[in-house]
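# Here's a sequence, model it:
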Amino acid sequence: MTRPLRIGNASGFYGDRFDAVRDMLTGGPLDVLTGDYLAELTMLILGRSRLKDPKRGYASTFLRQLEESLGLAHERGVKIVTNAGGLNPAGLADAVRELAERTGVPVRVAHVEGDGRPVPEGHLTANAYLGGAGIAACLRAGADIVVTGRVTDAALVAGPAAAHFGWGPDAHDALAGAVVAGHVLECGTQATGGNYAFFGDHDVRRPGFPLAEIHEDGSSVITKHEGTGGVVDIGTVTAQLLYETAGARYAGPDVTARLDTARLTQDGPDRVRIDGVRGEAPPPTLKVGLNRLGGWRNEVVFVLTGLDIEAKSRLVRDQFADALDRAGSKPAEVRWELARTDRADAGTEETASALLRLVVRDPDADAVGRAVSGAAVELALGSYPGFHVTAPPGKGAPYGVFEAAYVPAGEVEHVAVLPDGSRETVPAAGPYRELAEVAEPALPEPLPAGPTRTVPLGYVAGARSGDKGGDANVGVWVRTDEAWRWLAHELTVERFRELLPETAGLTVVRHVLPGLRALNFVVRGLLGEGVAAQARFDPQAKAVGEWLRSRHVPVPVQLLDETEVTA
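Okay, here's the model as predicted:
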């Protein structure tokens, strides 16, 4: 039997902790170190970077991290796999070779390409989400460092696992297990206590980055280097499994993983075993991410202090509307949001203040520029008492729009450029299986009727939320079978809408995952045109789950501890 493969993660996004690469290489044994630098917003940022310099278009932070860590990786025999190549994996691979030559570190560099698609008119980027087979081909050819462009986040783990264990494209269960492990690792410290609903239970001031011990059958143990901060337990792994997912079928280019088959067990301190994951043939299409500039936006935040907050808000809105009418340049979209952060009889000026946020958007830069900033500035001495803003109004900035399209997998040429420069075409993963929703599983028996207390949902449930284009997902889970018997019946779609009024009028789909004691809600269109468009206060839906946990619901007293019952 082939020994387990120990894969670590050192980046969950472009801008993550800089010293994580060094920390992961020096913190304990590893076979492979991965780094995820790409997101929908990142591709737009890299697209604008490439407009300024065609030689760029990759995550330059990775190169700077490698300057201080390339020798360490070579000495320890750790292979590095990263999607930091972004829109220019060949360019980053060349830069890594130049770095290796300059530092005298003999490493073999390969890269994966083929994700770039014809860019439609008016767009900046178009990239298909590739799987891990190209990464596997590079590693089998002896690469020490593999640079990719747009692959799925989980492919950074599935590819090395397939190379190590010799899995073919039909090893669906094993590949699915690796994909699930990759999904847990991809966001870095979110798997080790970062952004965790029950953060107060642990010391998560500086969580260590996660790693997975992957076995030949695809099962894995999620853990972290000994002595690093944070925690790995069933809750932190469950939270990350639910992040940016939807139903029971988690589809990718290599395999469709069945999240409803995953079993989580605590395997010792800071060790969670994932096994039982079943896999199915992947769908016949690949997702293509399209980014374009959607127009221009500007923002002004007015500070309203003390008494008459609502009246002050009405005054500035009326004055602003009049100013725009006089200028004859009203933006296409004008949105106001009053955040009542103020308190009565407050002890500090800041806690006596509310924030009135104005966001304007328009295809024309001039419509959100001087006309808007001028209107805001000109109110300074002639508006509500105590007038001031959080920052001087600017001239506006461009915003982006993310769109998803799908192409037949066979139309995308997936190529591994090996360390010797030869090119290996990676065959498509077929045969394929069309995606379909699974039948909704049976719900557990409800708890017997009994006394309840109205408390925040978060007293008994954890949540994690995120974005996929213009949609948001909110995963909600509980930690005991009794709480699951209550949650599965209490948190219906109708109840979810009632607790989160911003979802009214939007399509909300509930997915039931009994093995995780979890419900996953997908809210279509909550984020408008996606994170880059910044159409919403929380454009990535990062805190929607925490908003839900703060809402009050009647909870059976038997599920609450004594302090919560008497609070």
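# so what's residue 238 up against?
264, 462, 477, 516, 517, 518 (C-beta atoms under 8 Å, 6 or more residues apart in numbering). The way it works is simple: take the backbone N, C-alpha and C, and place the C-beta from them, glycine included.
# Distance from the chain centre to the host helix or strand of it, please.
Using DSSP states H and E, residue 238 maps to helix 234-242. In terms of C-alpha atoms, centre = their mean, to the nearest Å, the centre of helix 234-242 is set 14 Å apart from its chain centre.
# isn't residue 372 right next to residue 360, touching?
Yes - contact criterion C-beta atoms under 8 Å: residue 372 and residue 360 qualify, at 5.4 Å.
# which one of the two has more residues nearby?
Using other C-beta atoms under 10 Å as the criterion, residue 372 and residue 360 rank with residue 372 on top: 30 against 24.
# Please name every helix or strand in contact with the top helix by length along the chain.
Using DSSP state H to define each element, the chain has its longest helix at helix 309-327. Judged by 3 or more C-beta pairs under 8 Å, 6 or more residues apart in numbering; DSSP states H and E, the packing partners of helix 309-327 are strand 285-305, strand 333-339, strand 353-362, helix 370-377.
# what about residue 524, how many neighbours?
Residues contacting residue 524 under the criterion other C-beta under 10 Å number 14.
# Spatially nearest residue to it (excluding sequence neighbours)?
Among residues not flanking residue 524 along the chain, residue 507 sits closest, at 4.1 Å (C-beta to C-beta, 6 or more residues apart in numbering).
# Now for that neighbour: which residues touch it?
523, 524, 525.
# want to throw those residues into a markdown table with pLDDT, distance to residue 96 and secondary structure?
Formatted as a markdown table, the contacts of residue 507 follow (pLDDT from 0 to 100; distance: C-beta to C-beta, whole Å; DSSP: H, G, I helix; E, B strand; the rest coil):
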| residue | pLDDT | distance to residue 96 | secondary structure |
| --- | --- | --- | --- |
| 523 | 96 | 41 | strand |
| 524 | 95 | 41 | coil |
| 525 | 92 | 41 | coil |
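# out of these, who's nearest residue 400?
residue 525 (17.3 Å; C-beta to C-beta).
# now what about the longest helix of the chain, what contacts it?
Helix 309-327 has contacts (C-beta under 8 Å, 6+ apart) with 302, 304, 330-331, 334, 336, 338, 340, 342, 354, 356, 358, 371-372, 374-376, 378-379, 382-385, 387.
# which of those residues are buried?
For the contacts of helix 309-327, a neighbour count by 16 or more other C-beta atoms under 10 Å gives the buried set as 302, 304, 330-331, 334, 338, 342, 354, 356, 358, 371-372, 375-376, 379, 383-384, 387.
# tell me which element residue 496 is part of?
If you go by DSSP H and E, residue 496 is part of helix 493-499.
# What mean pLDDT does that helix get?
Per-residue pLDDT over helix 493-499 has a mean of 98.
# tell me what that helix is packed against?
Judged by 3+ C-beta pairs under 8 Å, 6+ apart, the packing partners of helix 493-499 are strand 508-513.
# can I have the strand it packs on written out in CSV, keeping just the CAs?
Presented in CSV, the C-alpha positions along strand 508-513 are these (Å, rounded to 0.1, in the frame of the first residue of the first chain):
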residue,chain,number,x,y,z
VAL,A,508,-34.1,30.4,-1.8
VAL,A,509,-33.3,26.7,-2.1
ARG,A,510,-32.7,24.5,1.0
HIS,A,511,-30.4,21.5,0.8
VAL,A,512,-30.5,18.9,3.7
LEU,A,513,-27.2,17.2,4.7
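# residues of that strand that come out buried?
Buried residues in strand 508-513 (16+ other C-beta under 10 Å): 508, 510, 511, 512, 513.
# cool, stretch 114-125 as well?
Across stretch 114-125, burial judged by 16+ other C-beta under 10 Å covers 114, 115, 116, 117, 123, 124, 125.
# Secondary structure and pLDDT added to those residues, as a markdown table?
Formatted as a markdown table, the buried residues of stretch 114-125 follow (DSSP: H, G, I helix; E, B strand; the rest coil; pLDDT from 0 to 100):
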| residue | secondary structure | pLDDT |
| --- | --- | --- |
| 114 | coil | 97 |
| 115 | coil | 98 |
| 116 | strand | 96 |
| 117 | coil | 97 |
| 123 | coil | 93 |
| 124 | coil | 93 |
| 125 | strand | 95 |
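# ok so, going back, now do the helix holding residue 238 against strand 508-513, angle only.
Interaxial angle of helix 234-242 relative to strand 508-513 (axes from the mean of the first three to the mean of the last three C-alpha atoms, to 10 degrees): 130 degrees.
# C-terminal to helix 234-242, what's the next element?
strand 249-251.
# and that following strand, which strands flank it?
Strand pairing for strand 249-251, using DSSP bridges, gives strand 256-258 (antiparallel).
# Parallel or antiparallel, which strands does the next helix or strand after the strand it pairs with pair with?
Sequence-wise, the next helix or strand downstream of strand 256-258 (DSSP H and E) is strand 263-266. The strands beside strand 263-266 in its sheet (DSSP bridges) come out as strand 272-275 (antiparallel).
# average pLDDT for the strand it pairs with?
Here the average pLDDT along strand 272-275 is 98.
# Would you pull up how far that strand lies from the middle of the chain?
With C-alpha atoms, centre = their mean as the basis, strand 272-275 stands 22 Å off its chain's centre.
# Contacts for the helix or strand that it is followed by, please.
The element immediately downstream of strand 272-275 (helix or strand, assigned by DSSP H and E) is strand 278-280. For strand 278-280, contacts defined as C-beta under 8 Å, 6+ apart pick out 171-177, 179, 218, 249, 255-258, 261, 433.
# rerun that using 10 Å as the cut-off
With contact meaning C-beta atoms under 10 Å, 6 or more residues apart in numbering, strand 278-280 is reached by 170-180, 218, 249-252, 254-262, 432-433, 435.
# Just the buried ones out of the residues you listed, please.
Buried among those by 16+ other C-beta under 10 Å: 171-180, 218, 249-252, 254-262, 432-433.
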